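Q: A structural model of the following input is requested.
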Amino acid sequence: MSYAVVKGTSYVLVHTPDMILHNGTTQTTEKQANPNSEYLKKLPEHLRNYQEVVSYPPNQAYIGTITPEDLRTYEMPWYNKQVQGADRYGKFGEIMPQDEFIGLMKIVDAFDLVK
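A: Below is the predicted model:
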């Protein structure tokens, strides 16, 4: 008899700014209640680009390129701090860009749900 075995695991963080703009409770509700709101107009200005997401210290700790203890070397708040030379790949996982994520979802979409 054969048994299922987990041979590997990893974390993945996916940077999907389009999903933030077009989905989510706050955005969906605001579009219905007040489609011309200042919130919706200014939302794109507050999204991080992919490189900012990759170099964000807590994200680097999540994928294992720095330790949680290393975060103490970065003054809080961390939102405006960057890990110099940050890489998308770490020993625990990766930070994936939106286009690769959507492509991967389409590749594994056996039921043709991704359009």
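
Q: alpha carbons only for contacts and neighbour counts from here, please
A: Noted.

Q: Contacts only, for Glu75.
A: Residues near Glu75 by C-alpha atoms under 8 Å, 6 or more residues apart in numbering: Lys81.

Q: where does it land in three-state SS?
A: Three-state call for Glu75 (DSSP: H, G, I helix; E, B strand; the rest coil): coil.

Q: distance of it from Pro58?
A: Separation of Glu75 from Pro58 (C-alpha to C-alpha, to the nearest Å): 12 Å.

Q: now Val114
A: Relative to Pro58, and taking C-alpha to C-alpha, Val114 is found at 30 Å.

Q: For Lys31, pull up the helix or strand it's in.
A: helix 25-33 (DSSP states H and E).

Q: That helix - contacts with which helices or strands?
A: Under the contact definition 3 or more C-alpha pairs under 8 Å, 6 or more residues apart in numbering; DSSP states H and E, helix 25-33 sits against helix 17-22, helix 38-42.

Q: and the ones you listed, which is most packed in?
A: helix 17-22 (a mean of 13; mean count of other C-alpha atoms under 10 Å).

Q: Could you list the buried residues of the helix holding Lys31?
A: Going by neighbour count (16 or more other C-alpha atoms under 10 Å), the buried part of helix 25-33 is Gln27.

Q: Just the mean pLDDT for the helix or strand encompassing Gln51, thanks.
A: Per DSSP H and E, Gln51 falls inside helix 50-55. Average pLDDT, helix 50-55: 97.

Q: what's the following helix or strand after that helix?
A: Downstream of helix 50-55, the next assigned helix or strand under DSSP H and E is helix 57-63.
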